[in-house]
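Asker: Just a sequence and a predicted model for now, questions to come.
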Amino acid sequence: MSGILQAHDSGMTILKSVLMILALMVTVPSAAETLKALPYPEQVDGLAVMQQVYFVNRHFAFDNLTIGTQSGPVRMITRQGDRLNAGNTLIRSLNNRPSNTSMQYQDKVYFPTGKVRGTAVLVISYAGRPASYSIWLPELRKVRRVSEPAHDDRWGGSPLTYGDVYFRKPEHERHELLGSETFDECLGSLLIDGGQQDAIRYRPPEKSCQPRGRPIYRIKSTTTFPQWWYDYRIVTVDQETFADYRSDYFKADKLVKRIEKDWRPIAGHDRRALMWRYWYAEDYVLDQQAIGYVRAEDVLWNQQVDSRDWTERALRKIKR
C-alpha cells in the first residue's frame, strides 16, 4: 500500500509541475475557427492586425510543425535576481490538418528530461465542443484529464502568465492602431555568466537585432477583464509578417512587464509562416526574467505524419 501511495504522490507532483510548464507550447482553440484559415489582409485596423498576430502565434500557416528534437529540445530558463533555474526541456508536435474532420487540430508536448521526464500532454481541439486536455503520468502509467488554469496564474514561477502564452485571444482585448514606424532597437535576451553556463547544455541566443529596420505597427490593446493585472499593452507588430516582436504591459501607465520574441521565416508559401527562435520575458516589478529557446535545426514542418500519433493510446506507449 505504501508503494501505491508513494507512486500516487509522485504522480500528483509531476501533474502539478506539468500544469506549470505546459503553457508555453500548447495551443488552445480559437473562439472563431475562421482564424485558422485567415486570409492575408488588404487593409488593417487594430483588430485585424491582432487577428493576424494570433494566426502567426498559433502556427496556422503550417500543416504540421515539430519544435525540438531528442538531441535538441526546447529549453526554458528562469531567473529571480541571481538565482537561475535551468528548468525543463520539451518537444512539441502540432498537427493542424488531422484526418478526423471533427477535430480542428492536435497538439502534443513531450518532456524528455527533468523532474517530469517521460511525461506527455495532449490537447485536441474539436469543432463545436470544448477541447480535451490529457496528461500521461509515467509514474502512475495512467492518463489524466485536466482543466484549464486561470488566465492570470503565473507560469512556472516565471514572469509569464497563462494568458500571455496560452489563453489570450483577440476578443479578450480592445485594439487601437496607434500608427506605423520603423523598429530601431534590438530584442533582449537572458544573459548567462560563465559559472551558470556549466549547468546548461547550450547557451541561450544572444540579443537579436534581426527586426531592426523593419516597418512595424504599434497597437494599443486594452484588456476587457475588470480589475486585471495590466490595463493595456503596446504591441510592436511587423507590417509584412505580423510577427509580434514586443509587448509592453502597463498598469496605471507604468511599464510592469515586457515580452519579446525573435521570429524567423522558415517556409516560403506564406509570409506568416514563422517560427520563433526565442521568447524573452522580464517582470520589472518582481525582478524576474525568463527565456524559452530552440535551435533552428531542431524545427521541422509539413512532414508526413500519422494522426494516430496524437492519441491517448500513443501516450501510453511512451517509456520513461
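Answerer: Nice, I can see it.

Asker: going forward, measure contacts and count neighbours with C-alpha atoms only.
Answerer: Fine.

Asker: in the stretch 151-300 of the chain, which spans are helices?
Answerer: Counting by DSSP state H, counting those that start in this stretch, the stretch 151-300 of the chain has helices at residues 162, 194-197.

Asker: Could you pull up the mean pLDDT of the last one?
Answerer: Per-residue pLDDT values across helix 194-197 average out to 58.

Asker: What of the first one?
Answerer: Rounded to a whole number, the mean pLDDT of helix 162 is 77.

Asker: Arg92 reaches Pro112, doesn't it?
Answerer: No. The pair Arg92 / Pro112 is not scored as a contact, 10.9 Å apart, by C-alpha atoms under 8 Å.

Asker: Touching, Tyr249 and Glu260? I think so.
Answerer: No. Using C-alpha under 8 Å, Tyr249 is not in contact with Glu260; the gap is 11.5 Å.

Asker: what's the residue nearest to Arg308 when sequence neighbours are not counted sitting at in phi/psi?
Answerer: Spatial nearest neighbour of Arg308, excluding adjacent residues (C-alpha to C-alpha, 6 or more residues apart in numbering): Ala314 at 7.0 Å. Backbone geometry at Ala314, expressed as degrees, to the nearest 10, gives phi -70, psi -40.

Asker: count of neighbours near Ala314?
Answerer: Residues near Ala314, counting by other C-alpha atoms under 10 Å, number 13.

Asker: which ones are touching Ile259?
Answerer: Residues in contact with Ile259 (C-alpha atoms under 8 Å, 6 or more residues apart in numbering) are Arg246, Ser247, Asp248, Trp279, Tyr280, Ala281, Glu282.

Asker: pretty sure Asp248 contacts Val235?
Answerer: Yes. Assessed by C-alpha under 8 Å, Asp248 is found in contact with Val235 at 6.5 Å.

Asker: quick one, which of the two is more surrounded?
Answerer: Remark: of Asp248 and Val235, Val235 carries more neighbours, 26 against 18, as counted by other C-alpha under 10 Å.

Asker: Can you report how many residues neighbour the nearest residue to His151 once chain neighbours are set aside?
Answerer: Counting by C-alpha to C-alpha, 6+ apart, Gly163 is the residue found nearest to His151 once chain neighbours are left out, at 4.4 Å. When neighbours are counted by other C-alpha under 10 Å, Gly163 registers 18.

Asker: In contact with Gly163, which residues?
Answerer: Residues Ala150, His151, Asp152, Asp153 are the ones in contact with Gly163 under the rule C-alpha under 8 Å, 6+ apart.

Asker: Any idea how far apart the tips of stretch 92-106 sit?
Answerer: End-to-end distance for stretch 92-106, by C-alpha to C-alpha, to the nearest Å: 11 Å.

Asker: likewise stretch 152-164?
Answerer: 8 Å.

Asker: With distance to Ser307 and pLDDT as extra columns, can I get the contacts of Ile259 in CSV?
Answerer: Formatted as CSV, these follow (distance: C-alpha to C-alpha, whole Å; pLDDT from 0 to 100):
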residue, distance to Ser307, pLDDT
Arg246, 34, 98
Ser247, 35, 98
Asp248, 38, 98
Trp279, 29, 94
Tyr280, 32, 96
Ala281, 34, 95
Glu282, 37, 95
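
Asker: and those, which two are the farthest apart?
Answerer: Asp248 and Trp279 (13.7 Å; C-alpha to C-alpha).

Asker: quick one: the strands in the stretch 51-200 of the chain?
Answerer: Applying DSSP state E, counting those that start in this stretch to the stretch 51-200 of the chain gives strands spanning 64-67, 74-80, 83-85, 89-95, 103-110, 120-126, 129-137, 142-145, 173-182.

Asker: Of the ones you listed, flag the one that's most buried.
Answerer: Ranked by mean neighbour count, those are led by strand 89-95 with a mean of 25 (mean count of other C-alpha atoms under 10 Å).

Asker: Any regions of the stretch 51-200 of the chain where pLDDT drops low?
Answerer: The model of the stretch 51-200 of the chain has pLDDT under 70 over residues 87, 148-149, 155-157, 166, 193-200.

Asker: mind redoing it with 80?
Answerer: 86-88, 114-115, 127-128, 130-131, 147-150, 153-158, 162, 165-167, 192-200 (pLDDT under 80).

Asker: just checking, what's the longest strand in the chain?
Answerer: Counting by DSSP state E, the longest strand found in the chain is strand 254-265.

Asker: got the buried residues for that one?
Answerer: Neighbour counts over strand 254-265 (16 or more other C-alpha atoms under 10 Å) mark Leu255, Val256, Lys257, Arg258, Ile259, Glu260, Lys261, Asp262, Trp263, Arg264 as buried.
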